[in-house]
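Undergrad: A predicted structure for the sequence below; I have some questions about it.
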Amino acid sequence: MLRALRAPGTPADPRRRPRRPGPRAGGWGPYRLIGELGKGGQGKVYLALTPQGQKVAIKVLHEHVGSDRVVRERFLREVEATRRVATFSTARVLDVNITEDQAYVVSEYVEGVSLEQLVRDRGPRDEDGLTRLALATAGALAAIHRAGIVHRDFKPANVLIGADGPRVIDFGIARALDQVTATSGKIMGTPAYMSPEQLAGEAIGTETDVFSWAATMLFAASGRAAFGEDTIPAILNRVINHHPDLSPMPPSLRALAAACLDKLPANRPTASDIMLRIVH
């Protein structure tokens, strides 16, 4: 259940000193903390247990998220929308808590490693493995898009490889955090996997996820970021003005990846189209 612990509009006690978010008495709310899974630009991710003993992943967001009542309400609405997504190939959002000094998102725990870590440790995927990955993640994106959500931060770190196959995570979180950072001038996302229109600050739709999907598949096929990993200005220039080398992709996926990486959003296939082209 999504909730805020203090009623919207209730003024904060001026005598109370702001507190940095952190685990309270060994956990967050009813969740008992048992380990740390990682950290990134949005916050830290912890492994925790529900009162029933179920493992969950808790993403604890940076403290500025809950500093404004309007932002808190928008954030809750955006995350609530993720509940419409079909659960296959995704990690479900289970709970959200956001107040002035505490903000976290609880999701289904997927035991496994990220695609990014898998490729770093074991090397690029072979043709069969890449094709299975491409089909599963395109299916996840199709489900996300069908629910009216744009992922906005699709990248190798947001694809978890579990025992039952790939799972896409953090869909909808980037959109929710955009509400927080809209006036800060910060880029929300990972530049090497963002579309040209996203980098340009234009209105974006599902086409941006398709571009990011293809860049992610190219990483899985080559072990290298499609647009480089050096300076941000250099990466931005390549995303906007250059086409990546697609030779590491198997011939069966090369033309599809090229179409997905088209600089013009209208020229890219949909996630559903990607699935059909892979199976045919």
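TA: Cool, the structure landed. Numbers count the residues shown, from 1 in each chain.
Undergrad: isn't K44 right up against G35?
TA: No: the pair K44 / G35 is not scored as a contact, 11.3 Å apart, by CB atoms under 8 Å. C-beta here means a position set from N, CA and C on the backbone, and glycine is covered the same way.
Undergrad: For those two, indicate the residue with more neighbours.
TA: Taking other CB atoms under 10 Å, K44 and G35 do not tie; K44 has more neighbours (18 against 9).
Undergrad: Leaving out sequence neighbours, find the closest residue to that one.
TA: V60 (5.1 Å; CB to CB, 6 or more residues apart in numbering).
Undergrad: packing partners for the one helix or strand that neighbour maps to?
TA: If you go by DSSP states H and E, V60 is part of strand 55-61. Strand 55-61 is packed against strand 31-39, strand 43-49, strand 103-108, with contacts defined by 3 or more CB pairs under 8 Å, 6 or more residues apart in numbering; DSSP states H and E.
Undergrad: Identify, out of these, the most deeply packed stretch.
TA: strand 103-108 (a mean of 22; mean count of other CB atoms under 10 Å).
Undergrad: so after it, what's the next helix or strand?
TA: Heading C-terminal from strand 103-108 (DSSP H and E), you reach strand 112-114.
Undergrad: Show me how far the very next helix or strand once past that next one is from its chain's centre.
TA: Heading C-terminal from strand 112-114, the first helix or strand you meet, by DSSP H and E, is helix 115-122. When distances are taken as CA atoms, centre = their mean, to the nearest Å, helix 115-122 is centred 17 Å away from the chain's centroid.
Undergrad: how many neighbours does the closest residue to A234 other than its chain neighbours have?
TA: Nearest non-adjacent residue to A234, counting by CB to CB, 6+ apart: G228, 6.2 Å away. For G228, the count of nearby residues is 16 (other CB under 10 Å).
Undergrad: how about G228, secondary structure?
TA: coil (DSSP: H, G, I helix; E, B strand; the rest coil).
Undergrad: Contacts only, for the residue nearest the centre of the chain.
TA: Residue closest to the average C-alpha location in the chain (CA atoms, centre = their mean): D170, at 3.6 Å. The neighbours of D170, taking CB atoms under 8 Å, 6 or more residues apart in numbering as the test, are Q42, K59, H151, D153, N158.
Undergrad: now it, what's its secondary structure?
TA: Under three-state DSSP, the three-state class of D170 is coil.
Undergrad: can you tell me how far it sits from L33?
TA: Applying CB to CB, to the nearest Å, the value for D170 to L33 is 20 Å.
Undergrad: that older thread, surely the residue nearest to A234 is in contact with I235?
TA: Yes: using CB under 8 Å, G228 is in contact with I235, at 5.5 Å.
Undergrad: mind showing which ranges of this structure have poor pLDDT?
TA: Applying pLDDT under 70 to the chain flags residues 1-27, 40-42, 62-68, 71, 99-102, 172-189.
Undergrad: how about 50 then?
TA: Scanning the chain for pLDDT under 50 picks out the ranges 1-21, 180-186.
Undergrad: Give me the longest helix you can find in it.
TA: helix 127-146 (DSSP state H).
Undergrad: tell me what it is packed against?
TA: The helices and strands touching helix 127-146, judged by 3+ CB pairs under 8 Å, 6+ apart, are strand 165-168, helix 206-222, helix 251-260, helix 271-279.
Undergrad: Run the angle between that helix and helix 115-122 for me.
TA: Relative orientation of helix 127-146 versus helix 115-122 (axes from the mean of the first three to the mean of the last three CA atoms, to 10 degrees): 170 degrees.
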